[in-house]
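J.: Need coordinates for the following:
(one chain, ligands or ions: 2)
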Amino acid sequence: MEIVRVSNLQKAYGDNKVLRGIDFKAEAGEIIGVIGKNGAGKSTFLEILMTLKPYDDGNVLIFDKELQALSTSQLEHVRKDISAVLQPTQFYKTLKVVELLKLFKAYYKSPIDIEQIITDFKLEPHRKKYFDKLSGGWKQIVSLAIAFLSEPKMLILDEPTTGLDPHMRNMLWIYISEYNGRTGSTVILTTHNMDEVELYCDKVMLLNEGVNEVFDTTEAILSTGYKSINEFYLSKVSI
Ligand SMILES: Nc1ncnc2c1ncn2[C@@H]1O[C@H](COP(=O)(O)OP(=O)(O)OP(=O)(O)O)[C@@H](O)[C@H]1O
Ligand SMILES: [Mg+2]
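T.: Numbers count the residues shown, from 1 in each chain. Ligands and ions are numbered 1, 2, ... in the order given. This is a model prediction of the structure:
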């Protein structure tokens, strides 16, 4: 089942044409890594998929609906099935971790058990700490835990593992893989870590000079002779 279809997507900020014709699609159950250098337009692309940013031209269909043709209430409906973690993460400063989780559980009417989430995300030592007082990496983990609470059909993650230590990075990927396997949800993410792309992503989109220079399965890219996705990236993208 097709979840997202993007054709000839164009987006400029003033004279800066960031996206110059992106073609992309995501099927149910796929984990897709969007890669490219700093400023390539990855976050812009994800924000458009999250329905947070308007675009200038082209089509973006999510669950078969063209985003810019939707009314406000139709858009709300589409948003119910999407969860996203953006950067930087800002949450209510006066709430403790466990309070935040409870708040979002109620908001999403989530059937997920908060205690299970606390265990899965290793949050026990932090449950009574104020979100504001957590380290950057733990803020990231709590934000991700909240994103899963809504049991989204599509999960959009902008650099979810940046700033996480190796154990937390591992834990997060195990959780993403398990969630994806269990629910058949689609995960679209950006990362600058090419090892993660190679290990966990089914497909890779390389954004370069405003276009999807490569959009293929990780397997197909590696079968063309690259030793790793890192080697592929370095050979395709100049500084
Ligand atoms: N709100 C904005 N207004 C004006 N220009 C913007 C805005 N957001 C992003 N840009 C510009 O658009 C381009 C793409 O930015 P974007 O954040 O999408 O890149 P990115 O690929 O996510 O980069 P990074 O890897 O550093 O996160 C950059 O030139 C950036 O300066
Ligand atoms: Mg970015």
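J.: Please make it C-alpha for all contacts and neighbour counts, starting now.
T.: Fine.
J.: Measure how buried residue 207 is and give me the count.
T.: Counted with other C-alpha atoms under 10 Å, the neighbours of residue 207 add up to 22.
J.: Actually, residue 1.
T.: 8.
J.: Can you point out the helix or strand that includes the spatially most central residue of the chain?
T.: Taking C-alpha atoms, centre = their mean, the centroid of the chain lies closest to residue 157, which sits 1.9 Å from it. Using DSSP states H and E, residue 157 falls within strand 154-158.
J.: Summarise which helices and strands that strand is packed against.
T.: The contact analysis (3 or more C-alpha pairs under 8 Å, 6 or more residues apart in numbering; DSSP states H and E) places strand 154-158 against helix 42-49, strand 82-85, strand 186-190.
J.: near ligand 1 at all, the first one?
T.: By that I understand helix 42-49. Yes. Interface with ligand 1: helix 42-49 contributes 42, 43, 44 (C-alpha under 6 Å from any ligand atom).
J.: again with the shortest one
T.: No. With C-alpha under 6 Å from any ligand atom as the threshold, strand 82-85 lies outside contact range of ligand 1, at a closest distance of 13.2 Å.
J.: What's the mean pLDDT across the helix or strand just after that strand?
T.: Using DSSP H and E, the helix or strand that follows strand 82-85 towards the C-terminus is helix 97-108. Averaged over helix 97-108, pLDDT sits at 91.
J.: do the same with stretch 49-63
T.: On average, the pLDDT along stretch 49-63 is 95.
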